[in-house]
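Undergrad: Structure for this input, please:
(2 chains)
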Amino acid sequence: MTKQQQRKKEWSNRGIAKAWQYGFFHVLIKFGGQTVPYFFLHFVIAYYTLFRPLVRRRVGHYLNRRFPNAGFFTRLANIYKHCLSFGQVLISRSAIGSLGREKFDITFKNKDKLLEVLKRDSGLMLMTAHVGSWQLGLSALDFVDKPIALLLEQQMGKALGHMHDDDIDQRQFEYIDPAGPFGGTLEILQRLRAGGLVSVMGDRVYGSERSTVTAPFLGAIAEFPLSPYSLASAGEAPIVVLLSRKTGMYSFELDVVDVMDIPPGLGRDSAAYAPYAQRFAYLLEEYTDKTPYQFFNFHNMWKDHA
Amino acid sequence: MDNKQKLKEAIIEHLNLEMEPTEIADDEPLFDEGLGLDSLDAVELVVVIEKHFGVKIQNMEEGMEAFQSINALEAFITAQKG
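TA: Now for the predicted structure:
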């Protein structure tokens, strides 16, 4: 299996629970809000922490970097806290659809930065990451009067987010299939040049090694995708970095943490984009300092450079 | 210099390929099992063609057609300019 095929396999086998288990929680949320599902979640997470080595391994890629000196029991406690936090995000994501967004308090930090960029006569690359709840972060952009194109298979998008049809307003989104011609890159370029909004994950590596850029992250060199920066350069579009975090049972925070203006014509050399990837990695690291249990990228970003 | 030679040189330069223009056959597929270009190279090809030949690829369908090989690219550029 080539490195590229291995990457694709790792990203495609992400679900850890069965559909009926998500359905069970969805019903509980619909009729009882979040308190009861939160209670049940502790038992489910205890089971996964103790009896599912695959879960421990996946979460461990990040936790071992974030807490390198943790002993056996602390590590187990960290896995429990991290999985619990992930479960709570999934419950809230579903609860927003079932109970309505008005039940939640969503704070938007630095929204003015995004509004400023939206005034420009250009496309816009909205770069987020597997932190907090990126789906909810995007759904809170309903004040933007253009559709947002997600680099994601539509069905896969719902499946990965474990979302039901009413979880987010699907009318706001269009989908660009990463398995389509040229991995969707020409479609992204076309949309950016036409003044459209495209959202990509800044911590999700696609394609071959040539499509990656490396940066120090949590004490070692990690791989990041080159495509957001290279497409922003070719499409002459700024990158707005948007991260989200869950701040309470019924509250979320979105934050525009950076706006990157990538010069046009930087070409194909990944070294030209390294400063931008480093900026993003630094922001992610800052995020994990403040919110250590809401980094939900379960891919080993470091393995090729450890 | 003919368009095919110019195309090969521009591709090698802009895509950071370590090879000579003579190593690229005119009918060789540019992507996958051929020259092995990837999806980000496709983006750069769009830029290269605009910069060196003044031709814009407006949509994906045009790109898919034109990016088959050097022959296809040259034919596309000639048609657009003609």
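
Undergrad: CA only for contacts and neighbour counts going forward, please
TA: Fine.

Undergrad: Tell me which stretches of chain A form strands.
TA: Remark: strands assigned in chain A by DSSP state E are A:105-109, A:124-128, A:148-151, A:173-176, A:197-201, A:212-217, A:220-225, A:239-248, A:251-260.

Undergrad: Which elements pack onto the third one?
TA: It refers to strand A:148-151. strand A:173-176, strand A:197-201 (3 or more CA pairs under 8 Å, 6 or more residues apart in numbering or on different chains; DSSP states H and E).

Undergrad: so of the ones you listed, which one's packed in deepest?
TA: Counting by mean count of other CA atoms under 10 Å in any protein chain shown, strand A:197-201 has the highest mean neighbour count of the helices and strands packed on strand A:148-151, with a mean of 23.

Undergrad: quick one: strands adjacent to that one?
TA: strand A:124-128 (parallel), strand A:148-151 (parallel) (DSSP bridges).

Undergrad: average pLDDT across the last one?
TA: Just to be clear, that refers to strand A:148-151. For strand A:148-151, the mean pLDDT works out to 89.

Undergrad: Pull up the residues of chain B that are close to chain A.
TA: Applying CA under 8 Å from any CA of the partner chain, we find that chain B lies next to chain A at B:14-16, B:38-44, B:47, B:58-60, B:63-64.

Undergrad: so residue A:65 touches residue A:219, yeah?
TA: Yes. In this structure, residue A:65 is within contact of residue A:219 by CA atoms under 8 Å, at 7.1 Å.

Undergrad: Among those two, which residue is more densely surrounded?
TA: With neighbours defined as other CA atoms under 10 Å in any protein chain shown, residue A:65 and residue A:219 compare such that residue A:65 has more, 15 against 12.

Undergrad: Contacts for stretch A:48-67, please.
TA: For stretch A:48-67, contacts defined as CA atoms under 8 Å, 6 or more residues apart in numbering or on different chains pick out A:16, A:70, A:75-76, A:78-80, A:82-83, A:218-219, A:288, A:292, A:295, A:297-301.

Undergrad: try 6 Å this time
TA: A:80, A:218, A:298, A:300 (CA atoms under 6 Å, 6 or more residues apart in numbering or on different chains).

Undergrad: Now compare those and name the two farthest from each other.
TA: For the contacts of stretch A:48-67, the farthest-apart pair by CA to CA is A:80 and A:218; their separation is 20.5 Å.

Undergrad: Show me the shaky parts of chain A.
TA: For chain A, the stretches flagged by pLDDT under 70 are A:1-17, A:153-171, A:304-306.

Undergrad: hmm, back to that, dump the helices and strands packed on strand A:148-151 to CSV, plus distance to residue A:45.
TA: Shown next, in CSV, are the helices and strands packed on strand A:148-151 (distance: least, CA to CA, whole Å):
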stretch, distance to residue A:45
strand A:173-176, 32
strand A:197-201, 26
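
Undergrad: A helix includes residue B:4, no?
TA: Yes. When DSSP: H, G, I helix; E, B strand; the rest coil is applied, residue B:4 is found to be in a helix.

Undergrad: which ones are touching it?
TA: Residues in contact with residue B:4 (CA under 6 Å, 6+ apart): none are found.

Undergrad: Confirm for me that residue A:296 is in contact with residue A:130.
TA: Yes. Counting by CA atoms under 6 Å, residue A:130 is a contact partner of residue A:296 at 5.1 Å.

Undergrad: And for residue A:186, the neighbour number?
TA: With other CA under 10 Å as criterion, residue A:186 counts 25.

Undergrad: Could you do residue A:74 as well?
TA: Neighbour number of residue A:74 under other CA under 10 Å is 12.

Undergrad: repeat for residue A:29
TA: Residue A:29: 23 surrounding residues under other CA under 10 Å.

Undergrad: Find the closest residue to chain B in chain A.
TA: Nearest residue of chain A to chain B (CA to the nearest CA) works out as residue A:182 at 4.5 Å.

Undergrad: Please name the nearest non-neighbouring residue to that residue.
TA: residue B:39 (4.5 Å; CA to CA, 6 or more residues apart in numbering or on different chains).

Undergrad: quick one: low-confidence ranges for chain B?
TA: Residues of chain B that meet the cut-off, pLDDT under 70, sit at B:1.

Undergrad: Can you check which helix is longest in it?
TA: The longest helix of chain B (DSSP state H) is helix B:39-53.

Undergrad: Flag every residue of chain A that's near chain B.
TA: By CA under 6 Å from any CA of the partner chain, the residues of chain A that approach chain B are A:182-183, A:186, A:268.

Undergrad: any idea how far the spatially closest residue to residue A:81 that is not a sequence neighbour lies from residue A:86?
TA: The shortest distance from residue A:81 to any residue other than its chain neighbours is 6.7 Å, reached at residue A:293 (CA to CA, 6+ apart). Distance, residue A:293 to residue A:86, by CA to CA, to the nearest Å: 8 Å.

Undergrad: ditto for residue A:248
TA: Using CA to CA, one obtains 13 Å as the distance from residue A:248 to residue A:86.

Undergrad: Ok, residue A:220 next?
TA: Residue A:220 is 24 Å from residue A:86, by CA to CA.

Undergrad: Please identify which of those two sits among more neighbours.
TA: Per other CA under 10 Å, whichever of residue A:220 and residue A:86 has more neighbours is residue A:86, with 21 against 14.
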